[in-house]
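>>> I'll drop the sequence and a predicted model, then ask my questions.
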Amino acid sequence: MLVTPPERRKEIAYRAEPLSGYIAGVLETQEREESLSGLVRDLIAKHGEPDETEAKWAKLAL
């Protein structure tokens with residue numbers, strides 16, 4: 001059985017909070033990117049691929 005000394009428990013707790021915040025941020029970013037990818041797929045399915053003029057406009061707009 002693994003036993004953590006009390007002084008290490010504080011250090012572990014201190015490090016766990018930023019790590020959980022980082023993971024939550026990564027998951028939020030991934031969800032947002034997947035949502036945007038889905039939107040683009042839906043738009044392409046409904047309206048077709050953008051032509052060259054539309055693609056150039058989009059690159060300039062971004």
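That came in fine, so what should we check first?

>>> based on its surroundings, how many neighbours for P50?
Using other Cβ atoms under 10 Å, P50 has 13 neighbouring residues. Any C-beta I mention is one placed from the backbone N, CA and C, and that applies to glycine too.

>>> which residue packs closest to it, ignoring adjacent ones?
A58 (6.7 Å; Cβ to Cβ, 6 or more residues apart in numbering).

>>> so the one you found versus D51, what's the distance?
Using Cβ to Cβ, to the nearest Å, one gets 11 Å for the distance from A58 to D51.

>>> what does Y22 give?
Using Cβ to Cβ, Y22 is found at 41 Å from D51.

>>> next one: P18
To D51, P18 is 47 Å away according to Cβ to Cβ.

>>> do the same with V26
According to Cβ to Cβ, V26 stands 36 Å off from D51.

>>> over to P6?
Where D51 is concerned, P6 sits at a distance of 66 Å (Cβ to Cβ).

>>> the two: which has the busier surroundings?
Neighbours were counted for P6 and for D51 using other Cβ under 10 Å; D51 has more, 9 against 6.

>>> and that one, backbone torsions?
For D51, the backbone dihedrals (degrees, to the nearest 10) come out as phi -80, psi -180.

>>> just the pLDDT at it, thanks.
Model confidence at D51, given as pLDDT, is 94.

>>> ok, L27 next?
With respect to pLDDT, L27 scores 92.

>>> counting contacts, what elements does whichever strand or helix holds it pack onto?
Under the criterion of DSSP states H and E, L27 resides in helix 6-47. Under the contact criterion of 3 or more Cβ pairs under 8 Å, 6 or more residues apart in numbering; DSSP states H and E, helix 6-47 touches no helix or strand at all.

>>> distance from the chain centre to that helix, please.
A distance of 5 Å separates the centroid of the chain from that of helix 6-47, by Cα atoms, centre = their mean, to the nearest Å.

>>> distance from the chain centre to the helix or strand just after it, please.
Downstream of helix 6-47, the first helix or strand assigned by DSSP H and E is helix 52-61. On the basis of Cα atoms, centre = their mean, helix 52-61 sits 25 Å off its chain's mean C-alpha point.

>>> pick out the residue nearest the middle of the protein.
Per Cα atoms, centre = their mean, the C-alpha nearest to the average position across the chain is that of T29, at 1.9 Å.
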